[in-house]
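Novice: give me coordinates for this.
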Amino acid sequence: MPPKSRTLKLHPKDNIVIALADLAAGSECTADGPNALQSVKQGHKIAIAPIAAGQNVLRYGQIIGQAKSDIAPGEHVHVHNLGMGDHSQDYAFASEAKNLDPITEGRTFDGFHRADGRVGTRNYLGILTSVNCSGSVAKFIAEAAEKNGFLDEFPNIDGIVPITHGTGCGMSGENEGYATLMRTLAGYAQHPNFGGILLIGLGCEVMQVSALVGDHPIRADGALRYMTIQHEGGTRKTIEKGLSELRGIAELANTATRKPAPVSELMVGMQCGGSDGYSGITANPALGAASDLLVRHGGTTILSETSEIYGAEHLLTRRAVSERVGEKLIERVRWWEDYTARNKGEMDNNPSPGNKRGGLTTILEKSLGAVAKSGSAPLTEVYLFGEKVDTKGFVFMDSPGFDPCSVTGQIASGSNLIVFTTGRGSVSGYMPTPCIKVATNSEMYNRMSEDMDVNCGDIISDDISLESKGRDIFELFIRIASGEKTKSEELGFGGVEFVPWQIGAVM
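Specialist: So this is what the prediction gives:
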């Protein structure tokens, strides 16, 4: 595609094109096609053929909805004339699962080798809370440690992360929400990016510290200590005891140093947020190319945000390695249909106002672009939110589309690296796991360059191939995993984005 093109047709079957720049009314849409009937913002859609009311609108050669009224060639296609309609799909389980050729050249990164065999990309101390009621005390301990220069004695430790949240009590101890929180806390307590964990509870909460530690042998290397505020005798005594316990943990964590590890030990959680009309054209498929490279090297990538693959799930079921894996994905989709219906929502409510300003109209359109992050590798397994990922290759983890919550689940599942594509611009971090931000367009990248690590806008402007950009992202995986800081780390993000998925009644 010549860089001077002002629109882009993504598939021969498409009956729309994407504006690559703001177009005035009367602007030429294609060399031999219609002129724009209205002004159209970049990233938005323009019809290039007559589309009758009820007819399918195609992008990527796939259905993104049906016309709500007759659409003329050159007309802007968006929420005023495009809706969901019927989107039944043929799942064709495992019909397109094709293994990728392995790469055996032996690439490595420098990471922290843990006793359970996993490898961390960072070496933090975590102060993990079982309940919201112990959150302030966890922060007080971290603040006291920082004030007295605690880490000056421990140069191999990256920092102290208090992990607080808004739940842990007022819930049933036997329901789905409790089990989900248990998995999430256990996943963080065992995460390879933590060299040690101090676990703090209040004492009377539903999510008992003793149950968490007793049900989950959290650390094989002993780098976990726990206490409750009520047992220690109040706030100040807990802070004093906490600092003492933290020292013992730090002495062990500080013995860890970076050593070479195969890139197959990388587990990359893939996210998109603040998506726009370019997401499915530039950043997401480029990340898909990087995902395929990591899978070919024996690593693991995780796609999530179940509500944002809705309408494109058939593309994943066809890549499933078995009917069992495909059925597990559809089981989660059906759960979401029931969940949203019970809460008087609709799956098509997902595209946010920012998504729509960026040119995305329906959840079908957004989902097709989101699935592009997964590349072409077979889908090897499907996991619950925060469930430990124990399979190599490309996998799926169930989660909401709310980014901080979804990333929380991916980290609990074991992700030691996060990659986050964004079109509108997202600012966040997710300690203890570094987060690489990938911009879909050059305008946003230049405007928010202090927050963005990679610009994929040059795929359009400079005719950079998706494969080349994917290789660049893969190489960045290795550098960041080896200790190079991301923009969000340099800015200090990541202290408030721990958001466990709260399912069920709060009592």
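
Novice: now do the strands in the stretch 1-150 of the chain.
Specialist: Assigned by DSSP state E, counting those that start in this stretch, the strands in the stretch 1-150 of the chain fall at 7-8, 16-19, 45-47, 56-59, 62-67, 76-77, 82-83, 108-113, 119-120, 124-129.

Novice: mind putting those into JSON lines with mean pLDDT?
Specialist: Formatted as JSON lines, the strands of the stretch 1-150 of the chain follow (pLDDT from 0 to 100):
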{"stretch": "strand 7-8", "mean pLDDT": "92"}
{"stretch": "strand 16-19", "mean pLDDT": "95"}
{"stretch": "strand 45-47", "mean pLDDT": "96"}
{"stretch": "strand 56-59", "mean pLDDT": "94"}
{"stretch": "strand 62-67", "mean pLDDT": "92"}
{"stretch": "strand 76-77", "mean pLDDT": "98"}
{"stretch": "strand 82-83", "mean pLDDT": "94"}
{"stretch": "strand 108-113", "mean pLDDT": "99"}
{"stretch": "strand 119-120", "mean pLDDT": "99"}
{"stretch": "strand 124-129", "mean pLDDT": "98"}
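
Novice: what is the neighbour count of residue 368?
Specialist: 24 (other Cβ atoms under 10 Å). Where you see a C-beta, it was placed from the backbone N, CA and C, and this is true even at glycine.

Novice: what helix or strand is it on?
Specialist: Per DSSP states H and E, residue 368 falls inside helix 363-371.

Novice: just residue 284 next, same as before
Specialist: Using DSSP H and E, residue 284 falls in helix 283-296.

Novice: same question for that helix, mean pLDDT?
Specialist: Helix 283-296 shows a mean pLDDT of 98.

Novice: and it, what other elements does it pack with?
Specialist: strand 267-272, strand 300-303, strand 393-397, strand 417-422, strand 435-439, helix 466-481 (3 or more Cβ pairs under 8 Å, 6 or more residues apart in numbering; DSSP states H and E).

Novice: the ones you listed: which one's closest to residue 207?
Specialist: strand 393-397 (21.4 Å; Cβ to Cβ).

Novice: hmm, back to that, now the helix or strand following the helix holding residue 368: how far from the chain's centre is it?
Specialist: Per DSSP H and E, helix 363-371 leads on to strand 379-383 as the next helix or strand towards the C-terminus. Offset of strand 379-383 from its chain centre (Cα atoms, centre = their mean, to the nearest Å): 16 Å.

Novice: what lies in contact with strand 379-383?
Specialist: Here strand 379-383 makes contact (Cβ atoms under 8 Å, 6 or more residues apart in numbering) with 97, 316-317, 319-321, 325-326, 328-329, 332, 389, 391-398, 413.

Novice: excluding its backbone neighbours, what's nearest residue 43?
Specialist: Excluding the flanking residues, the one nearest residue 43 by Cβ to Cβ, 6 or more residues apart in numbering is residue 277, at 2.8 Å.

Novice: the one you found and residue 40 touch, don't they?
Specialist: No - in this structure, residue 277 is not within contact of residue 40 by Cβ atoms under 8 Å, at 10.5 Å.

Novice: give me the common contacts of the two.
Specialist: Each of residue 19 lies in contact with both residue 277 and residue 40 under the rule Cβ under 8 Å, 6+ apart.

Novice: buried ones in the biggest strand by length in the chain?
Specialist: Longest strand in the chain by number of residues, with DSSP state E as the criterion: strand 194-201. For strand 194-201, the neighbour count (16 or more other Cβ atoms under 10 Å) marks 194-201 as buried.

Novice: and if you look at stretch 402-416?
Specialist: 403-416.

Novice: ditto for stretch 17-24
Specialist: Buried-residue list, stretch 17-24, by 16+ other Cβ under 10 Å: 17-20, 23.

Novice: just stretch 471-485 next, same as before
Specialist: 472-474, 476-478, 480-481, 483.

Novice: what's in contact with the helix-or-strand element of the chain with minimal mean pLDDT?
Specialist: Ranked by mean pLDDT, DSSP states H and E, the weakest helix or strand in the chain is helix 209-215, scoring a mean of 81. Outside of helix 209-215, the residues within contact range by Cβ under 8 Å, 6+ apart are 130, 182, 185-186, 189, 199-201, 218, 224, 226-228.
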